[in-house]
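# Sequence and predicted structure below; questions after.
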Amino acid sequence: GPFICAEWEFGGFPAWLLADEKLRLRTYERTYIAAVSVWWSTLLIRLRPHLYEHGGPIIAVQIENEFGQFGDVLNNPQDMQYLR
């Protein structure tokens with residue numbers, strides 16, 4: 001299915017995110033979080049019927065797998081907020 005992957009061009013993020021020069025990925029930045037919220041809201045509605053608890057094959061969804069390479073929760077409070 002769709003996923004964010006560092007091995008893909010721009011980590012699998014949509015290229016239109018580059019239009020905003022101030023946007024910072026993988027932190028609690030307003031524009032980025034708004035895009036993430038739209039994506040997850042749309043995706044989760046479609047995934048829900050396929051979750052294991054509803055008899056489907058999906059047992060887990062990994063929200064973030066690259067944060068350790070980019071985030072700094074000790075020195076950036078926005079990174080800690082992003083993880084919450």
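Yes, it's here.

# hmm, which helix or strand of the chain has the shakiest average pLDDT?
Counting by mean pLDDT, DSSP states H and E, the weakest-scoring helix or strand in the chain turns out to be helix 67-70, with a mean of 69.

# contacting residues around the following helix or strand past that helix?
Moving toward the C-terminus from helix 67-70, the next helix or strand (DSSP states H and E) is helix 77-83. Residues from elsewhere that reach helix 77-83, judged by Cβ atoms under 8 Å, 6 or more residues apart in numbering: 26-29, 33, 64, 67, 71-73. From N, CA and C alone the C-beta is placed, and that goes for glycine too.

# List only buried entries from these.
With burial judged by 16 or more other Cβ atoms under 10 Å, the buried subset of the contacts of helix 77-83 is 26-29, 71.

# tell me how far the helix ranked longest in the chain is from the chain's mean position?
For the chain, the longest helix by residue count, based on DSSP state H, is helix 30-47. Mean C-alpha position of helix 30-47 versus that of the full chain (Cα atoms, centre = their mean, to the nearest Å) differs by 8 Å.

# With stretch 18-34 instead?
For stretch 18-34, the distance from its own C-alpha centre to the chain's C-alpha centre is 11 Å (Cα atoms, centre = their mean).

# List the buried residues in it.
Buried residues in stretch 18-34, defined by neighbour count with 16+ other Cβ under 10 Å: 24-29, 32.

# Could you list the low-pLDDT ranges of this protein?
Within the chain, the stretches falling below the threshold (pLDDT under 70) are 1-7, 65-68.
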